[in-house]
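A.B. asks: fold the following, please.
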Amino acid sequence: MRIVLASASPRRRELLTQLGWDFEVIVSDVEEIITKTLPQEVVEELSYIKAKDVFEKTEGDVLVIGSDTVVSYEDRILGKPADRKDAEATLAKLSGNSHYVYTGVTLFRREGGKVTAKTFHEATRVEFFPMSEEEITWYAGTGECDDKAGSYAIQGLGGRFVKSIEGDYNNVVGLPIARLYHEVLV
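C.D. replies: Residues are numbered from 1 along each chain as shown. Here you go, the predicted structure:
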């Protein structure tokens, strides 16, 4: 079956490659309108919008995987930083505290003319060590956090500040591949 990842994220491409699947990438260009407020509902809604947009552009037997990830601190979604000062402010909030990373995944499948859709989310709790002002300024200055939800990359330099995680590490990177694998099989 043809597998399509509806995401431009290089991290999601790397993670999906770990499953050993052959897939192609078609990026959704649909406007992402959010009607939900809870982080887990937001990621499910956005993953559905992206997957549906790409699915509607395909023909034949296909599995389309749409995904969205957010970082939530005190039930507030922390998006990608607007600039270095914004990144520093976000990192100061996360310093010495716990937050959650939510990834929503939607699977649209067409097989023999039959269409099914399934949406789920995964949550991972992440705790940071306390960070000094110098560490925050240094890390924000590396540029690594510029396009990252929550202003950090656990798989990069930002991993040095992570004290612990509860849940799926890959979920924090951007795609819960073990859960995805099992959801596809069901």
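A.B. asks: so where do the helices sit in the chain?
C.D. replies: 10-17, 39-55, 84-94, 133-142, 169-173, 177-185 (DSSP state H).
A.B. asks: so which of the ones you listed is nearest residue 156?
C.D. replies: Nearest to residue 156, of all those, is helix 133-142, at 8.6 Å by C-beta to C-beta. Every residue, glycine included, has its C-beta placed from N, CA and C.
A.B. asks: buried residues, the closest one. List them.
C.D. replies: Burial within helix 133-142, assessed by neighbour count using 16 or more other C-beta atoms under 10 Å, is assigned to 136, 139, 140.
A.B. asks: one step back: now the helices of the chain in JSON lines, with mean pLDDT and distance to residue 69?
C.D. replies: Listed next are these as JSON lines, based on pLDDT from 0 to 100; distance: least, C-beta to C-beta, whole Å:
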{"stretch": "helix 10-17", "mean pLDDT": "94", "distance to residue 69": "9"}
{"stretch": "helix 39-55", "mean pLDDT": "97", "distance to residue 69": "7"}
{"stretch": "helix 84-94", "mean pLDDT": "97", "distance to residue 69": "15"}
{"stretch": "helix 133-142", "mean pLDDT": "97", "distance to residue 69": "20"}
{"stretch": "helix 169-173", "mean pLDDT": "96", "distance to residue 69": "8"}
{"stretch": "helix 177-185", "mean pLDDT": "95", "distance to residue 69": "13"}
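A.B. asks: and residue 119, which of those helices is closest to it?
C.D. replies: helix 39-55 (5.0 Å).
A.B. asks: residues contacting the residue most central in space within the chain?
C.D. replies: Central residue check for the chain by C-alpha atoms, centre = their mean: the C-alpha nearest the mean position is that of residue 69, 2.7 Å away. With contact set as C-beta atoms under 8 Å, 6 or more residues apart in numbering, residue 69 has these partners: 43, 101, 102, 103, 104, 149, 171, 174, 175.
A.B. asks: which residues touch residue 121?
C.D. replies: By C-beta under 8 Å, 6+ apart, the contact list for residue 121 reads 40, 43, 44, 102, 103, 104, 105.
A.B. asks: list just the nearest of those residues to residue 111.
C.D. replies: residue 105 (18.3 Å).
A.B. asks: would you agree the closest one is in contact with residue 177?
C.D. replies: No. Look at residue 105 against residue 177 with C-beta atoms under 8 Å: they stay out of range, at 9.9 Å.
A.B. asks: report the buried members of the contacts of residue 121.
C.D. replies: Among the contacts of residue 121, the ones that count as buried by 16+ other C-beta under 10 Å are 40, 43, 44, 102, 103, 104, 105.
A.B. asks: would you point out the most distant pair within those residues?
C.D. replies: Greatest spatial distance in the buried ones among the contacts of residue 121: 40 and 105, 11.7 Å, computed using C-beta to C-beta.
A.B. asks: coming back round to it: which stretch among the helices of the chain comes nearest residue 110?
C.D. replies: If we rank these by C-beta to C-beta, the stretch that ends up nearest is helix 39-55, at 7.5 Å.
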